[in-house]
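**Student:** give me the fold of what follows.
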Amino acid sequence: MSISSHLSELKRKHEVLSKRVEEAQRNPSTDDLSIVELKKKKLRIKEEISRLAT
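**Tutor:** Next up is the predicted model:
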């Protein structure tokens, strides 16, 4: 897998997680721990994107 295709896949995963976080925050039955875990995953992906893009 080339770096550019890997970056594209990471960006796609980041966008999916963004949508999941938004949905979870709008849903009152979602517990805070689940939201925190989603945000951590999203941050790890963003950090990897930044690392690979430089």
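
**Student:** against residue 15, how distant is the residue nearest the centre of the chain?
**Tutor:** Closest residue to the average C-alpha location of the chain: residue 42 at 2.7 Å, with CA atoms, centre = their mean. From residue 42 across to residue 15, the span is 10 Å (CB to CB, to the nearest Å). To be clear about C-beta, it is placed using only N, CA and C from the backbone, and glycine gets the same treatment.

**Student:** contacts only, for residue 14.
**Tutor:** Residue 14 makes contact with 42, 45, 46, 49, according to CB atoms under 8 Å, 6 or more residues apart in numbering.

**Student:** just to confirm, which helix or strand has residue 11 in it?
**Tutor:** Per DSSP states H and E, residue 11 falls inside helix 3-26.

**Student:** and that helix, how far from the chain's centre?
**Tutor:** How far helix 3-26 lies from its chain's middle: 4 Å, per CA atoms, centre = their mean, to the nearest Å.

**Student:** hmm, back to that, with distance to residue 7 added, can I get the contacts of residue 14 in a markdown table?
**Tutor:** Compiled in a markdown table, the contacts of residue 14 are given as follows (distance: CB to CB, whole Å):
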| residue | distance to residue 7 |
| --- | --- |
| 42 | 16 |
| 45 | 11 |
| 46 | 12 |
| 49 | 6 |
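
**Student:** among those residues, which ones are buried?
**Tutor:** Among the contacts of residue 14, those scoring as buried are 42, 45, 49 (criterion: 16 or more other CB atoms under 10 Å).

**Student:** just the ones of these in helices?
**Tutor:** 42, 45, 49 (DSSP state H).

**Student:** could those go into TSV alongside pLDDT and distance to residue 28?
**Tutor:** Converted to TSV, these look like this (pLDDT from 0 to 100; distance: CB to CB, whole Å):
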residue	pLDDT	distance to residue 28
42	98	21
45	98	26
49	96	31
